[in-house]
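In: sequence first, then the predicted structure:
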Amino acid sequence: MGSTEARDRERAADEITDIHRGISAEQIETLVLTLVAATLNETVHAAQEAQLHALIELRAAHRLDTEYFRPLIALKGRLPAGYADYLDDLVTDGSA
C-alpha cells in the first residue's frame, strides 16, 4: 500500500480480499487501521475505490465496529458520487 504507483496500491487492496480470512484478529485490526490511513491519503480514485471495497469486505467478514472507520468521514464530499455508498456502509451502524 506504500507504492508510488497507483495501480500497485489498487492491486494490494484487491489482494486483501483474497487473504484476510486466514489472519489473526490482531492482524485484521492492524490491516484495517493501515488501510483506513491509506484510503484517507489516496489521491487516485481507482485505488481509493479498491481500498474502500477491501474495507467493506473486512468489516462484513470480521464484524468490525464502525469506530475503526469513523476517520473516513473526512472523505465526505471529496469522493466521486459513486463511492458515497461505500463510505456510508462503513461509517453507519448496522450496515455491513
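Out: Good, I have the coordinates.

In: go ahead and confirm Phe69 touches Ala37.
Out: No. With contacts counted by CB atoms under 8 Å, Phe69 stays clear of Ala37, the gap being 11.7 Å. All C-beta spots, glycine's among them, are computed from the backbone N, C-alpha and C.

In: those two: which has the busier surroundings?
Out: A count of neighbours by other CB atoms under 10 Å puts Phe69 above the other of Phe69 and Ala37, at 25 against 13.

In: from Gly22, how far out is that one?
Out: From Phe69 across to Gly22, the span is 22 Å (CB to CB, to the nearest Å).

In: shared neighbours, Phe69 and Ala37?
Out: When CB atoms under 8 Å, 6 or more residues apart in numbering defines a contact, no residue borders Phe69 and Ala37 alike.

In: and the least confident helix or strand in the chain by mean pLDDT, how far out from the chain's middle?
Out: Within the chain, no helix or strand scores below helix 6-19, which has a mean of 74 by mean pLDDT, DSSP states H and E. Counting by CA atoms, centre = their mean, to the nearest Å, helix 6-19 is centred 11 Å from the centre of its parent chain.

In: same check on stretch 9-29?
Out: Put simply, stretch 9-29 sits 10 Å off its chain's centre (CA atoms, centre = their mean).

In: quick one: residues in contact with that stretch.
Out: Outside stretch 9-29, the residues that reach it (CB under 8 Å, 6+ apart) are 1, 3, 31, 35, 38, 42, 44, 46-47, 49-51, 53-54, 57-58, 61-62, 64, 68.
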